[in-house]
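K.L.:
Just to be clear, the model below is a prediction. Sequence and coordinates:
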Amino acid sequence: MSAPRKSPSTRRGAPPRTVLLATLASLAALAAPGAAQDDGARKRTLADLRQELAARMRAARDAEKPRAAVQAALEAQARELEQFVAREATGDDVHNGRLMLADTWLALRQPDKAKEALAAIDVDKTPALALLAAAELAGAIGMDEHRARLIDAALAKKTPFQERMAIGMHLMTALQEVERGEKVFADAFAAATDDEQRAEVRWYQVAALREREDRDDEAYYKALEKLAREFPDTTWGGIARDRIKAAEHAIGKPPVPLTLTTTDGKTIALADLKGKVVILDFWASWSDHAEEVETFLRDLHETWAEKGLQIVGISLDDTRGDFEGFVSRLKLPWPQVFDGRGWLTHAALRYNVEAIPNVMVLDRAGNIVGHNLLPTNPDERKRIERMVSDAIARQ
């Protein structure tokens, strides 16, 4: 069959590079061991600092003279990051802070200082993925020999499976080291002990293919078809098969069948919700628009739940604490799905979700009323509200 074409809205608000970085972050989170924190003696982390700096940058962009304000905010950010790395950072925050500092110096057009920040990264103490991120920055400022050393050091490290897959993806895309990336996947495929593992390796190889600028969508969908054909009875073969079908989602047609397990252990199949108007809400607490969108959906729920509206939330959060804290704070009453896999949440993979918040609306017959809806502005939210009210009215 010919490759399905993505609708223009499929990637709206999420450029390919952003999607890849988010996927790599999810892979890294799955590979990393959890760490307990003593909140009573909690020190400021890089995540805390990022939030502070992001708030200042938003304020700078809204200032009367945004160009000058953003410049000043970047200069202040560089100073704070230097102090943070030197005095406060521990563990992964040390190298991640230096990476952020190098990126800030590049934004300020000071490549020599960016080089200093990269050169200060301890190769022995830095994880492989962070080394590859450093290699990408090094290549951008002409540190070719240092870039090569960083890549070699990353590949020499022993890494768990999920991180190895992220390494292969990063090599093939951001670093354009296609042969070395292919070797990572070939070695992992050879080491796999069953079809499920082999299919998973193929999945990440195909995911990297999509982001390569030298390959088009036709090659990507052909690779998906091959994965689904070679490993039809595996989880990843099924995801590939559903992803092909989801690319052809159309108004008035049913979506790919989906069965979800909610956080209270119940199973929800879309087929069982016929007779209700359904909103599938793909979201994450870290999204810039999360609070306004979930508040909007809560208002819809209060208005229409008794007349047949059913919302199902599918969280792309990586950590349970962030997910649970957000749901509790906003008092979201509808069923939620959370598996801690971030962008690798299976429902998101099956439905080609590559931007959030992302909403699908189904009518009482289970057919699509709207999909790939990004309710981040008032006009789109009004559009969704009309879809729901019209669907509720049709008995």
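P.N.:
Yep, it's here. Everything numeric in this text was worked out from a predicted model, so none of it was measured.
K.L.:
ok, residues contacting the helix ranked longest in the chain?
P.N.:
Within the chain, and with DSSP state H defining each element, the longest helix by residue count is helix 66-87. Around helix 66-87, the neighbours that count as contacts under C-beta atoms under 8 Å, 6 or more residues apart in numbering are 44, 46, 49, 53, 56-57, 59-61, 63, 93-94, 97-98, 100-101, 104-105, 107-108, 113. (Each C-beta comes from the backbone N, C-alpha and C, glycine too.)
K.L.:
what packs against the helix or strand just after that helix?
P.N.:
Under the assignment DSSP states H and E, the closest C-terminal helix or strand after helix 66-87 is helix 92-107. Applying 3 or more C-beta pairs under 8 Å, 6 or more residues apart in numbering; DSSP states H and E, one finds that helix 92-107 makes contact with helix 46-61, helix 66-87, helix 111-119, helix 128-140.
K.L.:
quick check: mean pLDDT across helix 92-107?
P.N.:
Taken as a whole, helix 92-107 has a mean pLDDT of 94.
K.L.:
Next: stretch 237-246.
P.N.:
95.
K.L.:
With stretch 180-200 instead?
P.N.:
Confidence for stretch 180-200, expressed as mean pLDDT, is 97.
K.L.:
in that stretch, what's buried?
P.N.:
For stretch 180-200, the buried set under the neighbour-count rule, 16 or more other C-beta atoms under 10 Å, comprises Gly181, Val184, Phe185, Ala188, Ala192, Gln197, Arg198, Ala199, Glu200.
K.L.:
domain ranges for the chain?
P.N.:
16-31+46-246, 259-393 (automatic domain parsing).
K.L.:
what would those look like in a markdown table with distance to Gly252?
P.N.:
What follows is the domains of the chain, written out as a markdown table (distance: least, C-beta to C-beta, whole Å):
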| stretch | distance to Gly252 |
| --- | --- |
| domain 16-31+46-246 | 16 |
| domain 259-393 | 5 |
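K.L.:
And the ones you listed, which one averages the lowest pLDDT?
P.N.:
Mean pLDDT values for these show the minimum at domain 16-31+46-246, a mean of 91.
K.L.:
neighbours around the residue nearest to Gln310 when sequence neighbours are not counted, how many?
P.N.:
Computed as C-beta to C-beta, 6 or more residues apart in numbering, the closest residue to Gln310 that is not its neighbour in sequence is Lys276, at 4.3 Å. Counted with other C-beta atoms under 10 Å, residues neighbouring Lys276 total 19.
K.L.:
For Lys276, list the residues it contacts.
P.N.:
Applying C-beta under 8 Å, 6+ apart to Lys276 gives the contacts Gly308, Leu309, Gln310, Arg364.
K.L.:
Out of the helices and strands packed on helix 92-107, the one nearest Asp322 is which?
P.N.:
The closest of these to Asp322 is helix 46-61. By C-beta to C-beta, the value is 10.4 Å.
K.L.:
Buried ones in that closest one, by neighbour count?
P.N.:
Leu46, Leu49, Leu53, Arg56, Met57, Ala60.
K.L.:
quick one: Ala240 and Ala391, what's the gap?
P.N.:
According to C-beta to C-beta, to the nearest Å, Ala240 and Ala391 sit 31 Å apart.
K.L.:
can you pull out the strands in the stretch 201-350 of the chain?
P.N.:
Remark: strands assigned in the stretch 201-350 of the chain by DSSP state E, counting those that start in this stretch are 259-261, 267-269, 277-283, 309-315, 336-337.
K.L.:
What pairs with the second one, parallel or antiparallel?
P.N.:
In other words, strand 267-269. The sheet places strand 267-269 alongside strand 259-261 (antiparallel), with pairing taken from DSSP bridges.
K.L.:
Okay, buried residues for the partner strand please.
P.N.:
Within strand 259-261, the residues that qualify as buried by neighbour count (16+ other C-beta under 10 Å) are Leu260.
K.L.:
Which of Ala240 and Ala391 has more residues huddled nearby?
P.N.:
Neighbours were counted for Ala240 and for Ala391 using other C-beta under 10 Å; Ala240 has more, 27 against 23.
K.L.:
Can you tell me how far Arg320 is from Gly275?
P.N.:
Spatial separation of Arg320 from Gly275 under the definition C-beta to C-beta is 32 Å.
K.L.:
and if you look at Pro127?
P.N.:
50 Å.
K.L.:
So between those two, which is more surrounded?
P.N.:
For Pro127 versus Gly275, the count of surrounding residues by other C-beta under 10 Å is larger for Pro127: 18 against 12.
K.L.:
That one is in contact with Lys158, isn't it?
P.N.:
No - with contact defined as C-beta atoms under 8 Å, Pro127 does not reach Lys158; the gap is 11.0 Å.
K.L.:
List the residues that contact the nearest residue in space to Thr235 that is not next to it in sequence.
P.N.:
Nearest residue to Thr235, sequence neighbours excluded (C-beta to C-beta, 6+ apart): Glu196, at 6.5 Å. If a contact means C-beta under 8 Å, 6+ apart, then Glu196 has Phe231, Thr234, Thr235, Trp236 as its contacts.
K.L.:
Off-centre distance for the strand or helix carrying Glu196?
P.N.:
Using DSSP H and E, the secondary-structure element containing Glu196 is helix 195-211. Between the centre of helix 195-211 and the centre of its chain there are 17 Å (C-alpha atoms, centre = their mean, to the nearest Å).
K.L.:
swap in stretch 120-134?
P.N.:
22 Å.
K.L.:
So which bits of it are buried?
P.N.:
In terms of neighbour count (16+ other C-beta under 10 Å), stretch 120-134 has its buried residues at Ile121, Val123, Thr126, Pro127, Ala128, Leu129, Ala130, Leu131, Leu132, Ala133, Ala134.
K.L.:
now those residues as CSV including distance to Leu297?
P.N.:
Conversion of the buried residues of stretch 120-134 to CSV gives the following (distance: C-beta to C-beta, whole Å):
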residue, distance to Leu297
Ile121, 42
Val123, 46
Thr126, 41
Pro127, 37
Ala128, 39
Leu129, 34
Ala130, 36
Leu131, 41
Leu132, 38
Ala133, 35
Ala134, 40
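K.L.:
Please consider this matter closed, and thank you.
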